[in-house]
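In: turn this into a model:
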Amino acid sequence: MAVALITLSILGNLALAFAAFYGHYRVAAGLGNADYHFFTGLFSAFLAMFAQLMSMFYLIGTGKMIREAVIEEGLDPAYNAEALGFKVRFFPLASLAVTCIVATPILAGGVHAEKLPPSIHGWAALAALGLNLAATAVGCRLIWRTLGLISRVEDALALKRGG
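Out: Numbers count the residues shown, from 1 in each chain. Here you go, the predicted model:
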């Protein structure tokens with residue numbers, strides 16, 4: 001699951017980068033198809049948001065498993081605190097990235113209706129890409145650290161049970 005989430009996050013970043021590149025260097029220059037940019041942008045937004053949200057659910061689920069193991073088996077509460085710390089570090093950044101990803105196509109609607117200048121959409125797209133890259137870097141690191149934490153909890157459980 002962890003490898004799938006990391007792969008999905010990387011693909012989301014690549015898709016966002018492609019949509020931003022195509023929009024800036026092709027559509028804005030009058031060389032590209034705006035419909036193609038719309039669909040690639042929409043697809044990349046859904047992919048990137050899905051990756052961030054699934055990473056958040058992964059940390060929620062693994063944190064719950066760890067918390068239950070700590071309570072039921074009487075393990076060191078530091079395991080639970082460490083898992084909670086992962087969520088505290090990741091959730092604000094991932095939420096901000098998702099918010100910016102959602103705002104970008106909304107602002108594009110304003111550009112399409114000729115109520116906003118195209119640069120607003122462009123800056124929002126760059127912010128979404130940058131925040132998503134940062135959230136992916138933090139999320140991937142924390143997902144790997146969660147795997148290590150789960151391994152340590154399993155080892156503690158095995159020791160406690162005499163195995």
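In: residue 16: neighbouring residues, count only.
Out: Applying other Cβ atoms under 10 Å, we find 27 residues neighbouring residue 16. Where you see a C-beta, it was placed from the backbone N, CA and C, and this is true even at glycine.
In: no wait, residue 160
Out: Neighbours around residue 160, by other Cβ under 10 Å: 12.
In: quick one, phi/psi of it?
Out: phi -70, psi -40 (degrees, to the nearest 10).
In: from residue 26, how far out is the nearest residue to it once chain neighbours are set aside?
Out: Leaving out its chain neighbours, the residue that sits closest to residue 160 by Cβ to Cβ, 6 or more residues apart in numbering is residue 73, at 5.9 Å. As judged by Cβ to Cβ, to the nearest Å, residue 73 and residue 26 stand 57 Å apart.
In: mind listing what the residue most central in space within the chain touches?
Out: Residue closest to the mean C-alpha point of the chain, counted by Cα atoms, centre = their mean, is residue 52 at 2.3 Å. Residues in contact with residue 52, defined by Cβ atoms under 8 Å, 6 or more residues apart in numbering, are 9, 12, 94, 97-98, 132, 135-136, 139.
In: make it 7 Å
Out: 94, 97-98, 135 (Cβ atoms under 7 Å, 6 or more residues apart in numbering).
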